[in-house]
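Engineer: for reference, the sequence and a predicted model appear below.
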Amino acid sequence: MSRRLASFALAAALTAGACAPDYQTTDTALAQPEGPYRLASGDKLRVIVFGQDNLSNIYAVDGSGKISMPLINTVSAQGRTTQQLAREIEAKLRGGYVREPKVSVEVDTYRPFFVLGEVTNSGQFPFVNGMTVQNAVAIAGGFTPRGQRNSAEITRQIDGQTVTITVPITYPVQAGDTIVIKERWF
């Protein structure tokens with residue numbers, strides 16, 4: 001089991017075992033997503049090749065997790081950081097196209113997140129770095145009168161596996177997450 005999946009499972013176990021309705025915890029595994037941002041389908045990237053304006057552009061990560069650039073065709077972006085992708089693009093350009101290429105990659109637009117269930121406006125929304133479940137619910141128009149206000153379910157892809165856990169509303173959201181607000185019974 002990978003470290004990311006293990007810490008997500010630890011977070012699930014800690015929140016599932018919590019009896020207090022407010023899900024307050026000081027565990028750092030719940031406080032922050034682990035590691036740098038990983039690219040995936042739906043992200044749009046600003047790639048700058050210094051001194052090569054015709055190669056610098058905004059590229060979308062397609063459904064297979066790749067970007068397509070002039071001269072070097074496709075480059076796999078899935079699961080990589082922006083720095084790793086920049087080094088890969090440099091290596092491909094160095095292979096006969098550009099002498100000593102310098103490449104910068106940054107996320108122009110993050111892939112969206114989704115909010116379903118007992119919120120005013122379910123749907124897909126643009127991701128903003130640093131948001132929590134509570135922020136996501138606010139973007140979706142707030143809770144319905146029957147919405148459970150102290151926890152939510154998050155479904156996330158971790159190392160190619162789909163994982164769903166129940167988390168407090170202060171839990172950080174990642175791009176691509178699906179958040180479900182359950183109905184409360186009293």
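Structural biologist: Everything's here; your move.
Engineer: helix or strand with the lowest mean pLDDT in the chain?
Structural biologist: Here the helix or strand of the chain ranked lowest by mean pLDDT, DSSP states H and E is helix 28-31, holding a mean of 38.
Engineer: which parts of the chain are helices?
Structural biologist: Along the chain, counting by DSSP state H, helices occupy 3-16, 28-31, 82-94, 133-139.
Engineer: distance from the last one to the middle of the chain?
Structural biologist: Using Cα atoms, centre = their mean, to the nearest Å, the distance from the centre of helix 133-139 to the centre of the chain it belongs to is 15 Å.
Engineer: and it, what does it pack onto?
Structural biologist: On a contact count with 3 or more Cβ pairs under 8 Å, 6 or more residues apart in numbering; DSSP states H and E, helix 133-139 meets strand 113-117, strand 151-158, strand 178-181. (C-beta placed from N, C-alpha, C; glycine too.)
Engineer: which other residues reach it?
Structural biologist: Helix 133-139 is contacted from outside by 113, 115, 119, 125, 128, 131, 143, 147, 152, 154, 167-171, 173, 179, 181, using Cβ atoms under 8 Å, 6 or more residues apart in numbering.
Engineer: going by neighbour count, which residues in it are buried?
Structural biologist: Neighbour-count burial for helix 133-139, counted by 16 or more other Cβ atoms under 10 Å, picks out 133-134, 136-137, 139.
Engineer: restrict it to CA atoms and write it as PDB.
Structural biologist: Taking Å, rounded to 0.1, in the frame of the first residue of the first chain, the C-alpha atoms of helix 133-139 are listed here in PDB:
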ATOM      1  CA  VAL A 133     -15.300  20.800   2.200                       C
ATOM      2  CA  GLN A 134     -17.000  23.700   3.900                       C
ATOM      3  CA  ASN A 135     -15.700  26.100   1.100                       C
ATOM      4  CA  ALA A 136     -16.900  23.600  -1.500                       C
ATOM      5  CA  VAL A 137     -20.400  23.500   0.000                       C
ATOM      6  CA  ALA A 138     -20.500  27.300   0.000                       C
ATOM      7  CA  ILE A 139     -19.500  27.400  -3.700                       C
END
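Engineer: show the average pLDDT along that helix.
Structural biologist: In this model, helix 133-139 has an average pLDDT of 96.
Engineer: worst average pLDDT in the helices and strands packed on helix 133-139?
Structural biologist: strand 151-158 - the lowest mean pLDDT of the helices and strands packed on helix 133-139, at a mean of 92.
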